[in-house]
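Student: fold the following, please.
(chains A and B)
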Amino acid sequence: MAIFPFVAIVGQEPLKDALLMSAVEPSIGGVLALGDRGTGKSTAIRALAALLPEIDVVRGCPYRCLPSAPAGLCTVCERKDNRVIEKMAAPVVDLPLGATEDRVVGALDLERALSKGEKRFEPGLLARANRGFLYIDEVNLLDDHLVDLLLDVAASGENVVEREGLSVRHPAKFVLVGSGNPEEGDLRPQLLDRFGLCVDVRTSTDLAERMEIVRRRDTFEQDPAAFIKDWSRKTSALRKRVVEARARVTTVTLPDAVLAKAVELCLTLGADGLRGELTLMRAARARAALSGEAEVSMETLKSVAPLALRHRLRKDPLDDTDAGIRVERAVSEVFVS
Amino acid sequence: MNPAAAPSTDRQASREAFERMDAARWGQADLAAALLALMPLRLKGAVFDGAAPELAGLLQDRVTQRLGAGAALHRMPVSITDDRLIGGLDLAATLAAGRPIAETGLLARADGGVLIVPMAERLPGRAAAQLARVIDTGEVETERDGLSLRAPAKFVSLAFADPDEPGELLPAGLGDRLAFGLSLHGVSPARPRPETLSPAIVDAARAKLRWVSVPDAIMHALIDAALRLGIRSLRAPAFCLAAARGIAALAGRDEVTDADASLAAELVYASRANVLIDRSEPPAPPPPEPPEPDNENTDDASRPQPEPDELTELLVEAVRVRVSLDMAARARTTRQRTRQEVPAGKSGDMVDSRRRGSRIGARAGDPRRDGRLDLLSTLRTAAPWQRIREAPSGGAVISVRASDFRVKRFRHRSEAVVIFVVDASGSSAMNRLADAKGAIELLLSGCYSRRESVALIAFRKEGADLLLPPTRSLTRVKRSLSRLPGGGGTPLAAGIAAAAQLVRIERRKRKAPHVVFLSDGQGNIALDGTPGRERAAEDARDMARRLKSLQEPVLFFDISKRPSAQAELVSTEMGAIYRPLPVADAARVSRDVRSLLLE
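Tutor: You can find the predicted model right below:
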């Protein structure tokens, strides 16, 4: 099926930013997109697949190993003497609802076991997602134990399988992206802050913007191939930006003054734990890298604060204030002094 | 209430009007069926509310015939399991062959055809989400039981909702993904319905479709109208645009006209419109003629929103008329049904199975420790291994090992629905509603918030309204309770009746309903909406007994200044736990609900 180009998505800047920042700096820890239906959450995430730069992999490696990083090599590649390198599209794996655990983490290859009596590991979706994105639509509908498992693997970057007499561990570094509609059931609070960034996706109520959205969608549906072609230059430009940002992100510096503000902000908001600070800094770096800056400015820090902190605030059932507004309020407080 | 005395000419005229209406409403449904066959991939499907079985059958057949050769009908039972829906391991074939054999799921089989979802309002959220996803992506992905499959699954979905149930017709995410939502309440199943849009016409339109253009002004008005009707989703205007194009193509035009747009707006927006429409307004005249262009109305510049242009106004008005007509038709049919209804406790209520909770799947585990063995899943797990395992000793046919054991997972009794029924009449309304709202929010934000959902019924004026359909979402509670209506008489009986009905609906969804009343037990409006204390009290007692017969836990908060005998009487009649609540106290309500009902 043809995929709507990422660059042709109108509005939804926070979601697009969060996804791009994660593509630049996977250690941010994933994105949770919450919001109304029909806002194009899934569209944006699925569009990412066609945007991401291709990756170098070892040919035939089920875990898409990075050829230049021997530490991350899996058992399959380690045994190979002659590693051929090839390019492939960065994986964006869409976790199907109703997927069973054996297919997610991997299990014994039954066909092979039965036909040849050979004990071989059949990698699951976690292997397929290595070095890419794993997307869970309607994260509130997935079994709790499966979500926990995914979050654990996403955090550790490694999938460990001990079952059916198999003992396998393989790299599984991926950006976990979840989406859900809070009107269809609130998410467990423990789940929320395990995602690095959280986006509140809203439908635009601006008529001109809505016109443009519907018009582009309509043009796309009429002739997807032509539409994608029309946008291909912008797509490659953005792709180039991601590639450059990836190269730059490790060298982006974080001035002490900015760091101090980041810490102060987390304290003001009571954003629990170290995770908030870490995410805030990583996100700020990625954002700076994407805009071609060598160091993180106060402005950059301010702009990523809602994404990085809004889901870490303590919940007060009697305070109706939107979490994003609470973050913004704290931002203006902290940055005034 | 007393239509008998109308003069015969009036009756004649009203019958003619009724027949015209009947034909028009069916005509829209049939048009929707033609449009779906014309553009199945863009319009995806429709929800029909309150269609008689004969009409449902006719619509299904028409869509199928117009789709052309090779299109088949598939039914999606509400209780369908994951493996039947998206496919999985075929147990029998796997055992016979000694190797894993996949079974195609319903969604993949429906590719190129029509998927029927009867009783759609009962579809569990999970199955609805599966379907919604396949509608989005056009393919079904199965990652189960060691199998990894992908199959195309593009089909037209026709969902039919059961007429007598209030609240949302479809799990929300699904309804938004189907283009049309039409009410067929009261449309006669007996009248002949000649086919005006033959498959040949649809085929001709299909060839024309590509060349149909939409003038900018119309596109603008369609999108603006959606916004003004409170429709936030952007799928709706996209559907509407496509439908307008289809309508023009069916008429053989190569440009969309205002009338096409208006028709499309009715088909797509009426079921989604979110603005308050005054019910007291009499069902308005047939859709208005295009207005004169010299209609100047520019003095209202103070509003933040710019004035809509005429076409937008026309579209909004057409949708409003459609919504109020649908509401009137629905009220008519449900009134008839209430009169005929037998006493509580329909045969389909499944009281016993609900107590255990419903099965939601299986997981690996030890039956001695983790609960009940799921035999079928265990066999399914063991099946593919038979060839490599040694032949079982002692003449057993299948070798099952401890690692194969699967235990059943149940949705626990903790899936409770707390239904608040609140007296919103008279001057104390706002206080009482605020109390209930506070209690609901406290309940939901409690530490077990995931396990309960809440609903709110308010009764006032002539009847009861479901202000908040069962939900677990604090967000939604806040949104929908921010403007609470109040005032008027006290239709206690209607409140109890509404509660009993919701109890039945929730039971069918295998939830455990609990009812909480906030009332002084003094009704003054009878069930049929007429004032009068005596009838009102009698009706309330009848309804209370009916609620009691459902044997669900009920908690009654007596909100009168001092505990009243009447409140206690009604409370006893409904088999409730009685609690006086002389002063408003949301925290106490929530505490009592938790300690007396839920724990």
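
Student: tell me the contacts of the residue nearest to B:P199 when sequence neighbours are not counted?
Tutor: Excluding the flanking residues, the one nearest B:P199 by CB to CB, 6 or more residues apart in numbering or on different chains is B:R66, at 4.9 Å. Yep, even glycine has a C-beta here, placed from its N, CA and C like the rest. Applying CB atoms under 8 Å, 6 or more residues apart in numbering or on different chains to B:R66 gives the contacts B:33-34, B:37-38, B:197, B:199, B:202.

Student: quick one, phi psi at B:R66?
Tutor: The phi/psi pair for B:R66 (degrees, to the nearest 10) reads phi -70, psi -20.

Student: gap between it and A:A237?
Tutor: Applying CB to CB, to the nearest Å, the value for B:R66 to A:A237 is 45 Å.

Student: same thing with B:K44?
Tutor: On the measure of CB to CB, B:K44 and A:A237 end up 34 Å apart.

Student: neighbour count for these two, which is higher?
Tutor: Applying other CB atoms under 10 Å in any protein chain shown to B:K44 and A:A237 shows that B:K44 carries more neighbours, namely 22 against 10.

Student: contacts only, for the nearest residue to B:R545 once chain neighbours are set aside.
Tutor: Once flanking residues are discounted, B:R545 sits nearest to B:E573: 5.7 Å by CB to CB, 6+ apart. With contact taken as CB under 8 Å, 6+ apart, B:E573 is in contact with B:541, B:544-545, B:548.

Student: which one (most neighbours) among those residues?
Tutor: Most neighbours among the contacts of B:E573, by other CB under 10 Å: B:A544, with 28 neighbours.

Student: against A:L19, how distant is the residue in chain B positioned nearest to chain A?
Tutor: Closest to chain A within chain B is B:S233: 2.9 Å, counting by CB to the nearest CB. Using CB to CB, B:S233 is found at 21 Å from A:L19.

Student: between those two, which has more neighbouring residues?
Tutor: Taking other CB under 10 Å, B:S233 and A:L19 do not tie; A:L19 has more neighbours (25 against 21).

Student: which non-adjacent residue is nearest that one?
Tutor: Leaving out its chain neighbours, the residue that sits closest to A:L19 by CB to CB, 6+ apart is A:L48, at 5.6 Å.

Student: which strand or helix spans the one you found?
Tutor: Element membership for A:L48, per DSSP states H and E: helix A:41-51.

Student: now for that helix, which elements pack on it?
Tutor: Packed against helix A:41-51 by the contact rule (3 or more CB pairs under 8 Å, 6 or more residues apart in numbering or on different chains; DSSP states H and E) you find helix A:13-24, strand A:31-35, strand A:92-94, strand A:132-136, strand A:174-180, helix A:232-249.

Student: export the ones you listed as TSV, with columns for mean pLDDT.
Tutor: TSV is the format used below for the helices and strands packed on helix A:41-51 (pLDDT from 0 to 100):
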stretch	mean pLDDT
helix A:13-24	94
strand A:31-35	90
strand A:92-94	90
strand A:132-136	92
strand A:174-180	90
helix A:232-249	94
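
Student: reformat these as JSON lines; add distance to B:H220.
Tutor: What follows is the helices and strands packed on helix A:41-51, written out as JSON lines (distance: least, CB to CB, whole Å):
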{"stretch": "helix A:13-24", "distance to B:H220": "24"}
{"stretch": "strand A:31-35", "distance to B:H220": "26"}
{"stretch": "strand A:92-94", "distance to B:H220": "35"}
{"stretch": "strand A:132-136", "distance to B:H220": "34"}
{"stretch": "strand A:174-180", "distance to B:H220": "30"}
{"stretch": "helix A:232-249", "distance to B:H220": "26"}
